[in-house]
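In: structure, please.
(one chain, ligands or ions: 1)
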Amino acid sequence: MPDIGAEGQRKIGNAKVIVIGTGGLGSPILSYLAAAGIGTIRFVDNDVVDLSNLNRQVIHDTLKIGQRKVDSARSALQSLNPDITLEPVDVKFTRDNAKELFNGIQYAIDASDNLEAKFLTNDAAIEAGIPCTVGGVIRWDGQMLSVRPGRSTCYRCVFGEEPPEGSMKAPAELGIIGVTAGLLGVIAASEAIKYFLGFPDEACLVNRMLMVDVRSLDFAHVAVKRNPTCKACGGKA
Ligand SMILES: [Zn+2]
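Out: Modelled structure (predicted):
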């Protein structure tokens, strides 16, 4: 393909990406990263496959109910592309293990189902000095932002502090329409692939948050500004 070429394929083959979560967003993200040939994919989840997940978590299937999600995801991705390195990590993503998990990684993607992990992906990526994409889906609505540490607005610049624990329902409780997670997941994967191919910030969701309403298929971009007192990126060049 003229847009990618041998050089682009080499860049993608050398890329190391971490994906936090192997669920509704994680399924398309992981599938498309693997299919594109991203050289090393580390993925983190500490859950098991449940029948109620399968409307959106399409990397898993009915034969894998009860399996560890990272094992289920690994076997699916291995079949899809045996030539890449897969690094499944069966732990809960926390502030204590974030630094170790991000070690050696060049791009982070949040595919979690909770705000705590989204803030943490953002904070850990900024700490590690690597770009990231953070998004979320509830019912028919999705949003997504990509972050370039030191030169762009971060997720915490926009949303400030985590809401107190228990004050908000998890997306799964509110309901997720499978296709919303699928669409946003594909967009997140494309953000990472474009980064490795050298697309400029302007071509990515940098300093502008994507808001998608799948009911109307309205795609809106909201300009977002850096917060100089942001706890994650404030004061960092
Ligand atoms: Zn910030």
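In: what parts of the chain come near the ion?
Out: 154, 156, 157, 230, 232, 233 (CB under 5 Å from the ion). From N, CA and C alone the C-beta is placed, and that goes for glycine too.
In: what about 6 Å?
Out: The chain has residues 154, 156, 157, 227, 230, 232, 233 near the ion, with proximity defined as CB under 6 Å from the ion.
In: how about those in JSON lines, adding secondary structure?
Out: Formatted as JSON lines, the residues of the chain next to the ion follow (DSSP: H, G, I helix; E, B strand; the rest coil):
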{"residue": "154", "secondary structure": "coil"}
{"residue": "156", "secondary structure": "helix"}
{"residue": "157", "secondary structure": "helix"}
{"residue": "227", "secondary structure": "coil"}
{"residue": "230", "secondary structure": "coil"}
{"residue": "232", "secondary structure": "coil"}
{"residue": "233", "secondary structure": "coil"}
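In: tell me which two of these sit farthest apart.
Out: By the measure CB to CB, 227 and 232 form the most distant pair in the residues of the chain next to the ion, at 9.2 Å.
In: hey, which helix is longest across this structure?
Out: For the chain, the helix with the greatest residue count under DSSP state H is helix 178-196.
In: quick one on the thing from earlier: more neighbours, residue 227 and residue 232?
Out: residue 232 (20 against 16; other CB atoms under 10 Å).
In: over to the more buried one: give its phi and psi.
Out: Note on residue 232: its backbone torsions stand at phi -90, psi -50 [degrees, to the nearest 10].
In: you'd agree it is up against residue 124?
Out: No: using CB atoms under 8 Å, residue 232 is not in contact with residue 124; the gap is 9.4 Å.
In: not counting sequence-adjacent ones, nearest residue to residue 46?
Out: In space, residue 46 comes closest to residue 92 once its chain neighbours are excluded; the distance is 4.6 Å by CB to CB, 6 or more residues apart in numbering.
In: that neighbour in helix, strand or coil?
Out: Going by three-state DSSP: residue 92 is coil.
In: so what does it look like in phi/psi?
Out: phi -80, psi 130.
In: where does it land on pLDDT?
Out: Looking at residue 92, its pLDDT is 97.
In: so where's the chain uncertain?
Out: 1-2, 171-172, 235-237 (pLDDT under 70).
In: what about the helices in it?
Out: 5-13, 26-36, 69-80, 98-101, 115-128, 155-159, 171-174, 178-196.
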